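> got a predicted model here, sequence first, then my questions.
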Amino acid sequence: MRMANWAVSLLAAIGIATLAVSGASAQTEHEKQLYEAAKKEGSVTWYSGILDQQICDQIGQAFQAKYPGIQFSVIKTTSQVAFQRLLQDLKAGQVQADVFTTTDIGHMLFLKSKDQLVQYEPDNEAGMAKAVQNVDPDGYYHTGWVGLSAIVYNTNKVKPADVPKDWPDLTDAKWQNQITFGSPNYSGMVGVWTVAMAERYGWDYFTKLNTLNPQIGRSIDDSVTVLNSGERIVGMGNPATAIRSAAKGNPLAVVYPSSGTLMVISPSAIIKGTTHPNAAKLFMEFATGPEYSKILAQNFEQPLRTDVPPSPGAKALADMTLFAPTAQQIEQELPPNKAKWRDTFGM
Amino acid sequence: MSRPSLAPGLDGTRPAPTNPEPNLVAARPARFGLRLDLWSLIWIGATLILVFLVVAPMLRLLISSFQSTETGAFTVSNYVAAYANQRRLIGLGNSLLYGAAVVAVSIAFAVPLAWAVARTDMPGKGVVRATVLGAFITPSYLGAIGWILLAGPNAGWINRIWMALTGSHAGVFNVYSFGGLVLVTALYAFPYIFVFTADALDRVSSEMEEAAHILGMSPLRTVFKVTLPLVLPAILGGSIIVFLDTVALFGTPAVIALPARINIMTLQLWQFFEFPVRAEAAAAYAVPLVLITIAMLGLQKLILGRKGYVSLSGKSGGRQLMKLGKLRWVVLAGCLVVCALAVFLPYAALAQAAFSRAWGQGFSFANLTLSNFAYLFNDGSSRQVILNTFVYSAATACVAVVLALIVAYVVSRRLVIGGGILSALCMAPLVVPGIVLAIGFYAVYSSPPFALYGTAAILVLGFTTRFLPIAFANCMAGLRSLNPEMEEAVRILGGSRLLAVRRVVVPLLKKSLVGTWLLVFIPASRELSTAIFLVAAKTRVISVLILDLSENGSFELLAALGFFLLGVTILIVLIGYRLVGRDFLLRRA
């Protein structure tokens, strides 16, 4: 055990060192300037509403390895908590977060409208997949993570011939008492799913789903637990969670729906009033660069760049049909959808 | 016997009538002054801390419930948003029903178990006590999933066995129902009442039971007419805690009530925190809960009335355990059924995940592994998280017990006017949704002059506020059973109140205080809603780790963590038994 640990840490160290070396060789003039200025500021703090603590820590370690002399701290909570905290900080005039990332683009629209964000367009954004570039035409916020919604199923219990190919297949009568998904009242991802499905197939889509007696959980990630337990066998879920669990040997598989995998962009932005503006910009470069995407892929998350391959079993963003409702559309349609959801499903 | 005076200032200066040496009186004032100051200082200090911990965040809550989200101007629109909606009112009604049902089931589990453990010669008491406290530490999310694995309508073990045996197409139990919700919640809440009641039963001497016996009462009748009525304050105190805890619970309803489509208040409340966040409306929704708390305390007062519940007096009576004969095996079987429902069965189901590489594959030897446990121990950050949790929870338990004892003493011995307000203050935080409380905390204490954000202190303070009610309720129940005449004796002999508390009250309530400590320690170690707002990278706790693991689908690790917590709790209970002596938790005879 001790030996294995030692080997793992060595491998990790080599990995980080390699990243650092490859990164260092690729430093551009702009990056060098930012780094010099950032070194004087000494630190950068990231409020992360995405990923988990472990992945956030890996990102921090890679950042510090690439840019020695800059202390990186990450505070990882849920997006709503991170946002509430940020608002309290701003109210008190104490900006603690230099960079903020949230799963809820509404947070960014709000902060942008209140003039609380710094406009900055990272050079590295050019290497990102087209679908995730320029989320904000004014360049205030940029893609920090993408959440995908696809079809997930239990491979032990669903016959290959029965595997659903596209969203409307989920309304088939054979999934009576067998289907599971989350609720838009508790999960932003599910909320966007309602916007997309209602736009494509009309609200009738959900009325049909309700006749199947679906099991409604809270978040999009609940599906994986429910499918593994065998309580339900097919559902709408997050491919990253399903592939991570499948990699351990669990009987799960992902179908990227033929008409479109749903994509929700979680943006990152620099907070106005930060005392570390250059370090914050440097981190924005890092978060749009290849090392960050590699860490995502290693952890079964979707890499954002075209030059970083996805984890085994997953598709690259460029290879899938994507469907992404706009922020404005979500803002307009989500609240009435939540009300409709309550009427349809009773919760 | 003189009644305790209302103002502490008068106590210290009252000349002791039995003072044997009048010539010392002249030298007294200075010494009295010092004693008086020390005692006043302590209770004034306790009140100040209470203000700091409870009043500030609660006041903020009340004020913000009347503020507009946008402008901060005075408005009642939050109350309209929170209550002018039939679905919300139904949710509130369901929550009250849910709370009451959980209390009823919890009493049915807890009181017989407590009686069997404290008053009879039933074998295996140690196992029962340790298992009950083990159930208590089970994170509600994990306990609920354990029960879904057992009683899920499609794939639950119990239902599959039933279907295999009877050839039926439908299972017998559906965990996704109101009954399922109540049962699963009660299984992890009844330990509150169990600890309260067992502590109280431990203190009751057998004199009155013997008197009843001499007067010809049957043993069973004695239990219902004499023993249990004496511990009514403890049962009620525990019940109030269970009720408030249930009404404010989110974890179990999120996993069971939501799929069952049962509309519960906390599920509604959570929606206020989806963007656009309406924390003010959430505050408005929570304010009536505080009123409910006050009503519960009023009800308690009404039920307890002016009857005496003193069970410990100067003359210590013996305590005879009831000899059950052959029946003791039947009673043990009953206790083990409850233990099985709360721990053995769900953990057997969870074992499939904790000891598997991939739990969805089901049981096979190839799938067996200890790597999930190895990961928890070897991973530096998991180790840190586990250590943090135990250190913070232990610190919280210590602070809460000391504070609660002081305030409970001041209130129960009527040393101040307005003790009722102090009681209400001490009980209120439990019912305020943790996340609302945490927002108040973050606002008040993260900015200067406190600037506590990122420190362990803010977590310990937050947890202390949240769980003070439990400590307070238990201390009140303990003090009610203590005859003030023993403290009066100390005073008459010239000792200070402080001395009376230190040398009489604390030693007599020792067992109860350790029980109280555990009752704070365990919930603090599983608290999520306060923690998630106050943790920083270096101060993360287990509940936050559990959330991470559940979100990224690592259920194998999550289950392993549950087993680890169960094991550690049993260990802590055993250490508690070593420290306090053989007569404590694992009482044998």
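Great, that's in hand.

> switch to C-alpha atoms for all contacts and neighbour counts from now on
Fine.

> quick one: contacts for whichever residue of the stretch 201-347 of chain A sits closest to chain B?
Closest contact between the stretch 201-347 of chain A and chain B, by CA to the nearest CA, is at A:N228 (4.3 Å). Neighbour list for A:N228: A:N154, A:N250, A:P251, A:L252, B:W359, B:G360, B:Q361 [criterion: CA atoms under 8 Å, 6 or more residues apart in numbering or on different chains].

> and for A:S245?
Taking CA under 8 Å, 6+ apart as the test, what A:S245 contacts is A:V224, A:L252, B:A358, B:G553, B:S554.

> can you do 10 Å?
Applying CA atoms under 10 Å, 6 or more residues apart in numbering or on different chains, we find A:S245 in contact with A:224-225, A:228, A:239, A:251-253, A:300, B:357-360, B:552-556.

> quickly note the distance from B:E280 to chain A.
12 Å (CA to the nearest CA, to the nearest Å).

> how many other residues sit next to that residue?
26 (other CA atoms under 10 Å in any protein chain shown).

> got it, and the one 3 residues further on?
Other residues near B:A283 come to 28 when the count uses other CA under 10 Å.

> wait, B:A395 sits on B:I458?
No: applying CA atoms under 10 Å as the test, B:A395 and B:I458 come out as separate, 11.8 Å apart.

> quick check, pLDDT for residue 262.
Looking at chain A here, since you left the chain open. Predicted confidence (pLDDT) for A:L262: 93.

> wait, chain B was what I had in mind.
pLDDT, B:I262: 90.

> three-state assignment of it?
coil (DSSP: H, G, I helix; E, B strand; the rest coil).

> for the chain, which spans come out with low pLDDT?
You didn't pick a chain, so chain A it is. A:1-26 (pLDDT under 70).

> to clarify, I was referring to chain B.
B:1-39, B:273-277, B:305-319, B:417, B:431, B:433, B:435, B:447-448, B:577-589.

> in which helix or strand would I find the residue of the stretch 201-347 of chain A closest to chain B?
Per DSSP states H and E: A:N228 is located in helix A:222-229.

> show me what the very next helix or strand once past that helix is in contact with.
Moving toward the C-terminus from helix A:222-229, the next helix or strand (DSSP H and E) is strand A:234-237. Strand A:234-237 has contacts (CA under 10 Å, 6+ apart) with A:148-155, A:157-158, A:163-164, A:167, A:170, A:175, A:177-182, A:189-190, A:193, A:214-216, A:219-224, A:226-227, A:252-255.

> what ranges do the strands span in chain A?
For chain A, the strands defined by DSSP state E occupy A:43-48, A:71-76, A:99-101, A:117-118, A:141-154, A:179-181, A:215-216, A:234-237, A:252-255, A:261-271, A:322-323.

> columns mean neighbour count on top of those, output as CSV?
Output for the strands of chain A, formatted as CSV (neighbours: other CA atoms under 10 Å in any protein chain shown):
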stretch, mean neighbour count
strand A:43-48, 23
strand A:71-76, 22
strand A:99-101, 27
strand A:117-118, 21
strand A:141-154, 25
strand A:179-181, 27
strand A:215-216, 24
strand A:234-237, 28
strand A:252-255, 23
strand A:261-271, 25
strand A:322-323, 18
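
> okay, the ones you listed in a markdown table with distance to B:D202 next?
Formatted as a markdown table, the strands of chain A follow (distance: least, CA to CA, whole Å):
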| stretch | distance to B:D202 |
| --- | --- |
| strand A:43-48 | 50 |
| strand A:71-76 | 46 |
| strand A:99-101 | 54 |
| strand A:117-118 | 62 |
| strand A:141-154 | 52 |
| strand A:179-181 | 49 |
| strand A:215-216 | 46 |
| strand A:234-237 | 52 |
| strand A:252-255 | 53 |
| strand A:261-271 | 57 |
| strand A:322-323 | 65 |
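
> follow-up on the earlier one: from the chain's centroid, how far away is the helix holding A:N228?
Relative to its chain's centre, helix A:222-229 lies at 20 Å (CA atoms, centre = their mean, to the nearest Å).
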